[in-house]
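[1] This is a predicted model, with the sequence first.
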2 protein chains.
Amino acid sequence: MAVTLKDVATLAGVSVKTVSNVVNGYAFVKPENRRRVEEALAATGYRPNVGARNLRRGRTGFLALMVPELSIPYFGELAGLVITAAQRRGWSVLIEQTQGTRTRERATVDSLGPHLVDGALVHPEALEAGDFPDPGTGIPMVLLGEHAVDVALDRVAIDNVRAAHVAVSHLVSLGRRRIAAIGVNPRRGTASLRVAGYTAALTDAGLSVVDSLLEPADKYHRANGAAAMNRLLDLPEPPDAVFCFNDLLAVGALRSVAEHGLRVPEDIAIVGFDNTEESAFSLPSITTISPDKAAIADAAVDLVHARITGAERTPPHEVQPPFSLEIRESTAGTAVPGGL
Amino acid sequence: MAVTLKDVATLAGVSVKTVSNVVNGYAFVKPENRRRVEEALAATGYRPNVGARNLRRGRTGFLALMVPELSIPYFGELAGLVITAAQRRGWSVLIEQTQGTRTRERATVDSLGPHLVDGALVHPEALEAGDFPDPGTGIPMVLLGEHAVDVALDRVAIDNVRAAHVAVSHLVSLGRRRIAAIGVNPRRGTASLRVAGYTAALTDAGLSVVDSLLEPADKYHRANGAAAMNRLLDLPEPPDAVFCFNDLLAVGALRSVAEHGLRVPEDIAIVGFDNTEESAFSLPSITTISPDKAAIADAAVDLVHARITGAERTPPHEVQPPFSLEIRESTAGTAVPGGL
């Protein structure tokens, strides 16, 4: 039996009107009531009678989310949070995968018309500014991730330059002096920003940037991290620390270091990026930049909702959710005993 | 610019008619041509003019996929493969998350009508037989995973009893005699099947089933695996091996063993389930049951396609994709040097 507004109201201990206000995204709901309603919505899996409501409003009831690959944990986690955030607004989420290639990203962005979805959250890796449909002619679109294209769309991304600076400064503060970077890739907007933060942190510490310590990565998979670390360990002067541009690269680097009979963090300290759950459980656990993924998902859904409902006609917004540095065993020097 | 059938045909080096035959799922296409077209479809991200075609056929162009949580790597990987398989049939995929609770699963199944999607692939964890809409009245639905409910729907699942038997027999063959299981959960259909395979393998080896070695897990997250392993290591006689019902539980168990100063596999051998990429890179890497996930996704999409196009009116099918045992460091005793 379908869950009704009344079921949600009973569970939350509020009126049906309050539930309706939350579901429809009205602003004037007491925070405490909003929290109780949102919990009850999540617990019951309530969804508005989409068919009727959308017909009335001329909407499809669908939101598209474009990501490179769901099998990359960051995108799996983010997609889960987007689905949850969208459900609170009565949207079902359609997921499109592009493998991060410009051809696929362009084909996806082209296919997302108002016949299909009410709006889209897109996480491009290779799109160029001219590839986007003219804003205003298509559906509302929000950019996820700091992809460096100049296009007049709302965006949600943490400050990647500052985050990279924090990560590298942490390694500097531990006394590391030959700090490598894994994940350099001129085609990826975020990679360039992270290189900028890495370079600035080294410069601020009076260290020079050594070209041979800048390791490229085509994909950001575990195998790419291992291959890059293998190359770094073959250098005449290997690094004493490495900043990886995502956690998967860090997991691969960790394996490479272990296979060389070296220790993390004693011989080589490692910092990752994304704070995927895997990084908290790996042996050793991985210090990582932790973007507030729930805040990213919520902000993106709120922005596209505001555009769709027409409440928002101002120039594009840029929202920067917070991030933090999670210090773990891969830099803290307090690795658990035993293991291999 | 949208990709056309002609672009795909040019890239594949076949006629437009051949591409059209593949896209529309007709049977009589030479395997070599089918392969070339499928590669070209993937490379270009071609999608049929969904709007026009669906209007003509009275379809929505959407397929729903219901999973517990996308942040669980197995479901992230599987969802990615389902999206790829569905795209070849011209479908976009809508993803619904249930957290594996019966309330949410029921609400989702109820909401999936023909106004929303053409068909659904559902991976339930708690649904009971009476919770499903009467087949024939709703949209075609295919069950994923061996959830033990008696309902007349097509299903796709590996043979979980046999897979668990293979995993435990591998531990027996290494001389292990106190083999624990982590993941017992009477509410999960697959858990009961894996317990059955575990029990049968022990019995076949002349070993008795020890109740204290059967560890429950509510969720199948890394933290649950660590908590269960902590309890097992507190036993007067701890196990010398453990079969975990998924890779995340195994990753948690691995951490617990390391934190106790014990070694894997010397002191405790570990086998997981799912062959997520994480298990291939963890330190040590984890021996695991590897279901053919691409075959699961393809079979499920093919089954729902056959029901939707009406080509298939026979009684429900049960498809059992193959699986294998990936033997890695957590049982092979050839762990990499170094590490922690």
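    Structure received. Numbers count the residues shown, from 1 in each chain, chains lettered A, B, ... in the order given.
[2] wait, isn't residue A:190 in contact with residue A:246?
    No. Under the criterion of Cβ atoms under 8 Å, residue A:190 is not in contact with residue A:246, lying 9.2 Å apart. C-betas here are computed from N, CA, C, even on glycine.
[3] okay, those two: which has more neighbours?
    Just comparing residue A:190 and residue A:246: by other Cβ atoms under 10 Å in any protein chain shown the higher neighbour count belongs to residue A:246, 28 against 24.
[4] Surely that one is in contact with residue A:182?
    No. The pair residue A:246 / residue A:182 is not scored as a contact, 9.2 Å apart, by Cβ under 8 Å.
[5] what residue ranges in the stretch 151-300 of chain A score low on pLDDT?
    Residue ranges of the stretch 151-300 of chain A with pLDDT under 70: none are present.
[6] at 90 what do you get?
    Scanning the stretch 151-300 of chain A for pLDDT under 90 picks out A:151-152, A:186-190.
[7] interface residues of it facing chain B?
    A:221-222, A:226, A:251-252, A:254-255, A:257-264, A:277-278, A:280-284 (Cβ under 8 Å from any Cβ of the partner chain).
[8] Would you list the phi and psi of residue A:273?
    Phi and psi for residue A:273, reported as degrees, to the nearest 10, are phi -150, psi 130.
[9] now it, which residues is it bridged with?
    Judged by DSSP bridges, the bridge partners of residue A:273 are residue A:289.
[10] how near is it to chain B?
    17 Å (Cβ to the nearest Cβ, to the nearest Å).
[11] try residue A:129
    Look at residue A:129 and chain B: by Cβ to the nearest Cβ, they are 16 Å apart.
[12] next one: residue A:208
    From residue A:208 to chain B the distance is 30 Å (Cβ to the nearest Cβ).
[13] Same question for residue A:145.
    According to Cβ to the nearest Cβ, residue A:145 stands 18 Å off from chain B.
[14] Count the neighbours of that residue for me.
    Counted with other Cβ under 10 Å, the neighbours of residue A:145 add up to 23.
[15] same thing with residue A:126?
    Other residues close to residue A:126 by other Cβ under 10 Å number 20.
[16] What of residue A:315?
    Residue A:315 has 6 nearby residues by other Cβ under 10 Å.
[17] Show the pLDDT at it.
    Residue-level confidence at residue A:315 comes out at 88, pLDDT.
[18] which residue sits closest to it, ignoring its sequence neighbours?
    Leaving aside its sequence neighbours, residue A:315 sits nearest to residue A:152 (Cβ to Cβ, 6 or more residues apart in numbering or on different chains; 7.3 Å).
[19] and if you look at residue A:221?
    Nearest non-adjacent residue to residue A:221, counting by Cβ to Cβ, 6+ apart: residue A:248, 5.6 Å away.
[20] residues near the one you found, how many?
    By other Cβ under 10 Å, 30 other residues sit near residue A:248.
[21] Which residues are in contact with it?
    With Cβ atoms under 8 Å, 6 or more residues apart in numbering or on different chains as the criterion, the residues that contact residue A:248 are A:72-73, A:220-222, A:224-225, A:276.
[22] just to revisit the earlier point, give me the subset of the residues of the stretch 151-300 of chain A next to chain B lying in strands.
    Using DSSP state E to define strands, no part of these is located there.
[23] List buried residues within those.
    The neighbour-count test (16 or more other Cβ atoms under 10 Å in any protein chain shown) marks A:221-222, A:226, A:251-252, A:254-255, A:257-260, A:262, A:264, A:277-278, A:280-284 as buried among these.
[24] next structured bit after the helix or strand hosting residue A:10?
    Following DSSP states H and E, one finds residue A:10 within helix A:5-12. Sequence-wise, the next helix or strand downstream of helix A:5-12 (DSSP H and E) is helix A:16-23.
[25] The helix or strand following that following helix and chain B, are they touching?
    Reading on from helix A:16-23 to the C-terminus, the next helix or strand found by DSSP H and E is helix A:31-44. Yes. Using Cβ under 8 Å from any Cβ, we find that helix A:31-44 touches chain B at A:43-44.
[26] Please save the CA atoms from helix A:31-44 in PDB.
    Written as PDB, here are the backbone C-alpha positions of helix A:31-44 (Å, rounded to 0.1, in the frame of the first residue of the first chain):
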ATOM      1  CA  PRO A  31      13.600  23.700  11.600                       C
ATOM      2  CA  GLU A  32      12.600  21.100  14.300                       C
ATOM      3  CA  ASN A  33       9.400  20.200  12.400                       C
ATOM      4  CA  ARG A  34      11.300  20.000   9.100                       C
ATOM      5  CA  ARG A  35      13.800  17.600  10.600                       C
ATOM      6  CA  ARG A  36      11.000  15.400  12.000                       C
ATOM      7  CA  VAL A  37       9.200  15.400   8.600                       C
ATOM      8  CA  GLU A  38      12.400  14.600   6.700                       C
ATOM      9  CA  GLU A  39      13.100  11.700   9.000                       C
ATOM     10  CA  ALA A  40       9.600  10.400   8.600                       C
ATOM     11  CA  LEU A  41       9.800  10.800   4.800                       C
ATOM     12  CA  ALA A  42      13.100   8.800   4.800                       C
ATOM     13  CA  ALA A  43      11.700   6.100   7.100                       C
ATOM     14  CA  THR A  44       8.500   5.600   5.100                       C
END
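[27] ok, and what's touching it?
    A:3, A:7-9, A:11-14, A:18-19, A:22-23, A:29, A:46, A:84, A:87-88, B:103-104, B:107.
[28] Just the buried subset of the residues you listed, please.
    Among the contacts of helix A:31-44, those scoring as buried are A:3, A:7-9, A:11-12, A:14, A:18-19, A:22-23, A:29, A:46, A:84, A:87-88, B:103-104, B:107 (criterion: 16+ other Cβ under 10 Å).
[29] Return the distance of the residue lying closest to residue A:219 once chain neighbours are set aside relative to chain B.
    Of all residues not flanking residue A:219 in the chain, residue A:100 sits nearest, at 7.7 Å (Cβ to Cβ, 6+ apart). According to Cβ to the nearest Cβ, residue A:100 and chain B sit 12 Å apart.
[30] Need the three-state assignment for residue A:100.
    On the three-state scheme (DSSP: H, G, I helix; E, B strand; the rest coil), residue A:100 is labelled coil.
[31] what does the one 10 residues further on give?
    Using three-state DSSP, the three-state assignment for residue A:110 comes out as helix.
[32] since we're on it, how many residues are nearby?
    Neighbour count for residue A:110, taken as other Cβ under 10 Å: 17.
[33] And the one 4 residues further on, by the same measure?
    By the measure other Cβ under 10 Å, the count of residues near residue A:114 is 13.
[34] again with residue A:214
    Burial of residue A:214 is recorded as 15 neighbouring residues (other Cβ under 10 Å).
[35] Contact partners for the closest residue to residue A:63 other than its chain neighbours?
    In space, and not counting its chain neighbours, residue A:63 is closest to residue A:91: 4.3 Å by Cβ to Cβ, 6+ apart. Shown in contact with residue A:91 (Cβ under 8 Å, 6+ apart): A:61-63, A:118, A:301.
[36] Report pLDDT for residue A:91.
    90.
[37] before we move on, what about residue A:27?
    Turning to residue A:27, the model gives it a pLDDT of 59.
[38] For residue A:249, which non-adjacent residue is spatially closest?
    Distances taken as Cβ to Cβ, 6+ apart put residue A:225 closest to residue A:249, at 3.4 Å, once the chain neighbours are dropped.
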